[in-house]
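requesting a structural model of the entry that follows:
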Amino acid sequence: MEHRPNYTNVHNRFLLNGNHYRFDDLFEIAYSFIKEGEAHEKAIGDFLMDWIRPNEIITLKTSGSTGKPKLIQYNKQAMVNSALATGDHFNLKIGDKALHCLNADFIAGKMMLVRAMILGLEIDLVPPQGNVLANTNKTYDFAAMVPLQVEHAFEDLNKVKTLLIGGAPPSIQLKEKLKLKSTHCFETYGMTETVTHIASRKINGDTMLFTPLPAVKLSTDERDCLVIDVPYLSQEKIVTNDLVSLESDHRFLLKGRVDNVINTGGIKVIAEEIEAKMAAHISQPFFVGAIKDLSLGQKVILLVEGDHAPDILHQLSSIEGLSKYELPKEVYAVALFERTPNGKIMRQQTISSLNL
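Presented below is the predicted three-dimensional model:
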């Protein structure tokens with residue numbers, strides 16, 4: 001039977017900020033961070049305190065991007081198993097240098113620490129704000145960022161060999177820019193319920209399909225939404241609201257969320273697919289949504305971030321492949337979109353702020 005480490009098995013090559021810590025040493029660094037650390041270190045200290053407690057269960061907080069934030073409980077072994085799967089998927093090696101620049105209040109920041117402890121990585125901590133690569137001359141083998149961090153650190157991305165991007169979907173404009181980088185950039189798919197990512201897609205690669213991590217089994221329900229079965233995390237399947245096209249080898253094309261399907265004049269269109277067609281024509285942050293309409297049922301609208309709504313409907317009407325049902329009927333400017341701490345646009349809350 002395959003031997004798997006448990007949460008107490010901190011790798012003997014694990015380094016944190018250049019210092020070696022065993023499991024029995026984690027209390028010392030956790031206490032120091034909580035009492036004397038900066039804001040990002042306090043969150044790490046809180047997590048490490050939870051990690052070393054003789055309790056197999058840990059409580060995780062969801063981001064609240066698709067509803068109210070909630071607390072869920074997971075076995076620490078599931079987090080260890082997730083770390084091992086990530087190591088296999090991205091070919092991480094003992095002694096690889098990793099950068100921790102995420103908010104440890106959320107699952108992605110916690111899992112960077114677990115990966116380092118279990119896989120034997122040498123991890124450095126930096127505050128999650130601004131250009132997280134500005135103050136280092138090191139080259140890192142592995143890092144994870146949210147899209148806004150990638151934007152801020154774009155000119156320094158050559159300092160990272162393999163970069164995971166999650167927390168929010170990277171914009172189409174950012175994806176196009178990343179294709180010019182030598183860094184191996186991966187868009188990840190996952191959520192708190194799956195203990196971060198269960199699939200990834202190389203942005204500067206040659207496919208739009210996501211490839212699942214080892215042992216992840218995928219299917220779809222009657223809505224064509226993804227159903228996730230990860231035996232090393234949980235015995236229960238996770239039913240998502242993500243519309244996908246699933247290949248026989250379990251790779252999948254992410255089409256959008258079922259919540260973002262718009263029924264306009266009896267025709268169903270997907271907001272994310274419309275956005276992909278319009279991305280090259282709109283320079284500022286934007287998204288497609290819908291409001292109630294007496295004749296159409298739902299009316300497609302375009303929301304742009306800024307003080308003024310650009311006069312672009314005539315330009316959008318000439319986009320090849322954009323049907324008359326997909327063409328927005330109105331354009332609205334919103335000074336600042338509602339966003340989660342990870343930078344994900346909260347669509348319904350932003351539309352509600354228009355008070356239409």
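
please count neighbours and contacts with C-alpha atoms only from this point.
OK.

hmm, what's the outermost residue in this structure?
Distance from the C-alpha centroid of the chain peaks at residue 295, with 37.5 Å (Cα atoms, centre = their mean).

now do the same for the closest residue to it other than its chain neighbours: its pLDDT.
Nearest residue to residue 295 in three dimensions, chain neighbours excluded: residue 265, at 7.4 Å (Cα to Cα, 6 or more residues apart in numbering). What the model reports as pLDDT for residue 265 is 94.

check the gap between residue 265 and residue 173 for me.
Distance, residue 265 to residue 173, by Cα to Cα, to the nearest Å: 31 Å.

what residues of the helix or strand bottoming out on mean pLDDT in the chain count as buried?
Lowest by mean pLDDT, DSSP states H and E among the helices and strands of the chain is strand 57-61, with a mean of 84. Neighbour-count burial for strand 57-61, with 16 or more other Cα atoms under 10 Å as criterion, is recorded at 58, 60.

mind listing what that strand pairs with, with the direction of each?
strand 71-75 (antiparallel) (DSSP bridges).

nearest spatial neighbour of residue 321, chain-adjacent residues omitted?
residue 277 (7.5 Å).

am I right that that neighbour falls within a strand?
No. Counting by DSSP: H, G, I helix; E, B strand; the rest coil, residue 277 falls outside a strand, being helix.

checking residue 236 next. Helix, strand or coil?
coil.

just residue 311 next, same as before
Quick answer, by three-state DSSP: residue 311 is coil.

how much space is there between it and residue 191?
37 Å.

pick out whichever of these two has more residues nearby.
Each of residue 311 and residue 191 has its neighbours counted (other Cα atoms under 10 Å); residue 191 has more, 17 against 9.

quick one: buried residues of the helix or strand residue 42 falls within?
According to DSSP states H and E, residue 42 maps onto helix 39-52. The neighbour-count check on helix 39-52 (16+ other Cα under 10 Å) flags 40-52 as buried.

average pLDDT across that helix?
Rounded mean pLDDT across helix 39-52 is 96.

with just CA atoms, put it into CSV.
The C-alpha trace of helix 39-52 is given here as CSV (Å, rounded to 0.1, in the frame of the first residue of the first chain):
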residue,chain,number,x,y,z
ALA,A,39,-0.4,41.6,8.6
HIS,A,40,0.4,38.8,6.1
GLU,A,41,2.6,37.0,8.6
LYS,A,42,-0.1,37.1,11.3
ALA,A,43,-2.4,35.2,8.9
ILE,A,44,0.3,32.6,8.3
GLY,A,45,0.9,32.3,12.0
ASP,A,46,-2.8,31.7,12.7
PHE,A,47,-2.8,29.0,10.0
LEU,A,48,0.3,27.3,11.4
MET,A,49,-1.2,27.3,14.9
ASP,A,50,-4.2,25.5,13.4
TRP,A,51,-2.0,23.1,11.6
ILE,A,52,0.0,21.9,14.6
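
how about the contacts made by residue 146?
Contact partners of residue 146, counting by Cα atoms under 8 Å, 6 or more residues apart in numbering, are 102, 165, 166, 167, 168, 342, 343.

and the protein, what are its domain boundaries?
15-208, 265-352 (automatic domain parsing).

in TSV: these, plus distance to residue 252.
What follows is these, written out as TSV (distance: least, Cα to Cα, whole Å):
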stretch	distance to residue 252
domain 15-208	8
domain 265-352	15
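
out of those domains, which one sits most buried?
Between the domains of the chain, domain 15-208 has the highest mean count of neighbours, a mean of 18, where neighbours are mean count of other Cα atoms under 10 Å.

quick check: end-to-end length of that one?
36 Å.

again with stretch 243-263
OK, stretch 243-263 end separation, Cα to Cα: 15 Å.

and the helix holding residue 42, what does it pack onto?
Counting contacts by 3 or more Cα pairs under 8 Å, 6 or more residues apart in numbering; DSSP states H and E, helix 39-52 packs against helix 26-36.
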